[in-house]
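J.: Task: produce atomic coordinates for the following.
(2 chains)
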Protein chains: 2
Amino acid sequence: MSEFIEEDLSPAEIARQEQLYGPFTQSVRALMDAVIRTEVDEETVRAAQAAIEELTATLTRQQLPASYGIRFSPGGTSIRPWGNVVMGLRNPAAPPLTITHDEHGAAVADFVLGAVYEGPPGLAHGGVSAMLLDHLFGHACRAEGRHGMTGTLTVRYRRGTALGIPLRARAWVTGHEGVKTFVAGEITDADGVTVEATGTMILPRWARDGTPDA
Amino acid sequence: MSEFIEEDLSPAEIARQEQLYGPFTQSVRALMDAVIRTEVDEETVRAAQAAIEELTATLTRQQLPASYGIRFSPGGTSIRPWGNVVMGLRNPAAPPLTITHDEHGAAVADFVLGAVYEGPPGLAHGGVSAMLLDHLFGHACRAEGRHGMTGTLTVRYRRGTALGIPLRARAWVTGHEGVKTFVAGEITDADGVTVEATGTMILPRWARDGTPDA
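T.: Numbering: from 1, shown residues only, chains lettered A, B, ... in the order given. The predicted structure follows:
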């Protein structure tokens, strides 16, 4: 099973990996978009498939036994959730979200969703919006120095979230009660809110007694 | 913008496209998994990136102007949401879910989630579970002959949903009230429920007066 893995990498080695895997993964994101939208002839599609299968055979010659997990440097100086489906540097399915924090501690991400995230025609799948807000909830918690796994997530869809336009997602803490942290969030486009959410984050057991489960 | 597009394709042409794009897209799903997990040397990664960029350049020579949308045959005899992020035949980010209906009309899907769907180490991202259940809600509605766009989605996380093991998602209608359809659903593994959800689906405006917005 994948897990939290301590990897003692130098800053230079981390930078090398970022510079290698970042653009590599990005090239696959562009390929995914092309796979959905291509109208080239059948022969060209078949040739592309053969080439992709060959690349996969090469890449899998030496590989991790399972998923990427979360890798971290001693003392937590670097945390690398590179397989994460929302923000993973090495995950082609991730938009990927780059998360910052505003002056109030809210987690904020600006992004554009392409053809890969479609649900209704021309719109992001409602579940994608739910996923992005769920992810930001964890970051809003951590901005306050608290860990939190999502216990409950409630999403309200106000109107469609369009593909291909600038979007912003925000999440912030609204209160605490014992092991629970209450959070709220929204996705907005230039015309205002498209999706709203609230959530209850639960402090994981390992964080209650201070022992990491790494 | 993408939209509902009527395409008058013969059954043979639809079958030809399925047989062409199905395996092609599947090859990219395998590539995505390899991108996350590969441990081959830097030179091999760089060569793979160059090859992928070349393939993308070829595939984008002739392509749809935007996302795939939803295509359908006259009279709705075939509906093709092939760009859909949950079930799209042409979307490499889709697991993809194959949805059937049980004897009670519940929408059911059996699937295994790979490294691409990771959140916590070794576990599916909570947002992925939310997305899959949200998607099944629409199908549960339609099994009763009603259309429904998700208005509200509430997800409760009972325990982790593991990657790499057989999972089942189910969704069913629990009631109606005017334009609203109430739904519930769950994801289970061999040991029982991992995630539960409820939702309120809203009949879209175009379905209220019987005029499709195609």
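
J.: packing partners for the helix or strand harbouring A:Val173?
T.: Element membership for A:Val173 (DSSP states H and E) is strand A:167-177. With contacts taken as 3 or more CB pairs under 8 Å, 6 or more residues apart in numbering or on different chains; DSSP states H and E, strand A:167-177 sits against strand A:107-111, helix A:126-142, strand A:180-189, strand A:192-202. For glycine as for every other residue, the C-beta is placed from the backbone atoms N, C-alpha and C.

J.: so what strands line up beside it?
T.: Here strand A:167-177 has these sheet partners by DSSP bridges: strand A:107-111 (antiparallel), strand A:180-189 (antiparallel).

J.: Show me what counts as buried in the longest one.
T.: Spelled out, that is strand A:180-189. A:181-188 (16 or more other CB atoms under 10 Å in any protein chain shown).

J.: for the first one, same thing?
T.: For strand A:107-111, the buried set under the neighbour-count rule, 16+ other CB under 10 Å, comprises A:107-109, A:111.

J.: Can you add pLDDT and give the residues you listed back as a markdown table?
T.: Output for the buried residues of strand A:107-111, formatted as a markdown table (pLDDT from 0 to 100):
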| residue | pLDDT |
| --- | --- |
| A:Ala107 | 97 |
| A:Val108 | 98 |
| A:Ala109 | 98 |
| A:Phe111 | 98 |
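
J.: thinking again about what came up before, would you list the buried residues of strand A:180-189 in JSON lines and tack on pLDDT?
T.: Below are the buried residues of strand A:180-189 laid out as JSON lines (pLDDT from 0 to 100):
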{"residue": "A:Thr181", "pLDDT": "96"}
{"residue": "A:Phe182", "pLDDT": "97"}
{"residue": "A:Val183", "pLDDT": "97"}
{"residue": "A:Ala184", "pLDDT": "98"}
{"residue": "A:Gly185", "pLDDT": "98"}
{"residue": "A:Glu186", "pLDDT": "98"}
{"residue": "A:Ile187", "pLDDT": "98"}
{"residue": "A:Thr188", "pLDDT": "98"}
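
J.: How far off centre is the strand holding A:Val173?
T.: Chain-centre distance of strand A:167-177: 17 Å, with CA atoms, centre = their mean, to the nearest Å.

J.: now the angle between helix A:126-142 and it, please.
T.: 50 degrees (axes from the mean of the first three to the mean of the last three CA atoms, to 10 degrees).

J.: can you list the residues that contact stretch A:90-101?
T.: A:21, A:25, A:28-29, A:31-32, A:68, A:82-89, A:107-111, A:113, A:116-117, A:132, A:135-136, A:139, A:143, A:169, B:32, B:35-36, B:92-93, B:116-118 (CB atoms under 8 Å, 6 or more residues apart in numbering or on different chains).
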